[in-house]
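>>> Turn this into a model:
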Amino acid sequence: GRCELCDATDEIQVHHVRKLADLGRLGQSQPEWARLMAERRRKTLIVCKNCHDQIHNRNPAITQQSPESPLR
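Next up, the predicted model:
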C-alpha cells in the first residue's frame, strides 16, 4: 500500500514489464525504477498514480538515479 519510489499511499498502482530482460534494453543509464526492478529481480513495482504516469511519460525526475530514492 505504499509507492516504492516516493512512499505515497494514495492511488496505488502496479507498474510491470513483460520480462526482466526487457529492462536491459533501456540502455546504460537505466532509470531508477528499472534499476530497482532489475536489482530485486521483479517484473512489478508498486507505485502511486503520479509516479506511474511519470514512468510512462519518461519524466526526468523519475528517470534520474537518486541515492535517496527507495526504489504498468
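>>> Check the gap between residue 31 and residue 15 for me.
As judged by CB to CB, to the nearest Å, residue 31 and residue 15 stand 11 Å apart. Glycine gets a C-beta too; all of them are placed from N, C-alpha and C.
>>> ugh, wrong one, residue 23
12 Å.
>>> Run through this protein and note the low-pLDDT ranges.
Along the chain, the parts satisfying pLDDT under 70 run over 25-28, 59-72.
>>> can you do 90?
1, 17-40, 56-72 (pLDDT under 90).
>>> the helices in it, which residues?
Taking DSSP state H as the test, the helices found in the chain are 32-40, 49-57, 60-63.
>>> measure residue 40 to residue 2 for me?
With CB to CB as the criterion, residue 40 and residue 2 are 15 Å apart.
>>> What of residue 18?
As judged by CB to CB, residue 18 and residue 2 stand 25 Å apart.
>>> ok, now residue 20?
Applying CB to CB, the value for residue 20 to residue 2 is 23 Å.
>>> Residue 31 too?
Applying CB to CB to residue 31 and residue 2 gives a distance of 20 Å.
>>> next one: residue 47
The spacing between residue 47 and residue 2, counted by CB to CB, is 10 Å.
>>> And the two? Which one has more around it.
Per other CB atoms under 10 Å, whichever of residue 47 and residue 2 has more neighbours is residue 47, with 26 against 14.
>>> List the contacts of that one.
3-5, 12-15, 33, 55 (CB atoms under 8 Å, 6 or more residues apart in numbering).
>>> in stretch 11-19, what's buried?
Across stretch 11-19, burial judged by 16 or more other CB atoms under 10 Å covers 12-13, 15, 17.
>>> Need the distance between the two termini of that stretch.
The first residue of stretch 11-19 is 25 Å away from its last residue (CA to CA, to the nearest Å).
>>> coming back round to it: next, check the contacts of residue 47 against the strands and list the overlap.
Per DSSP state E, strands hold the following members of the contacts of residue 47: 12-15.
>>> Good, we can wrap up now.
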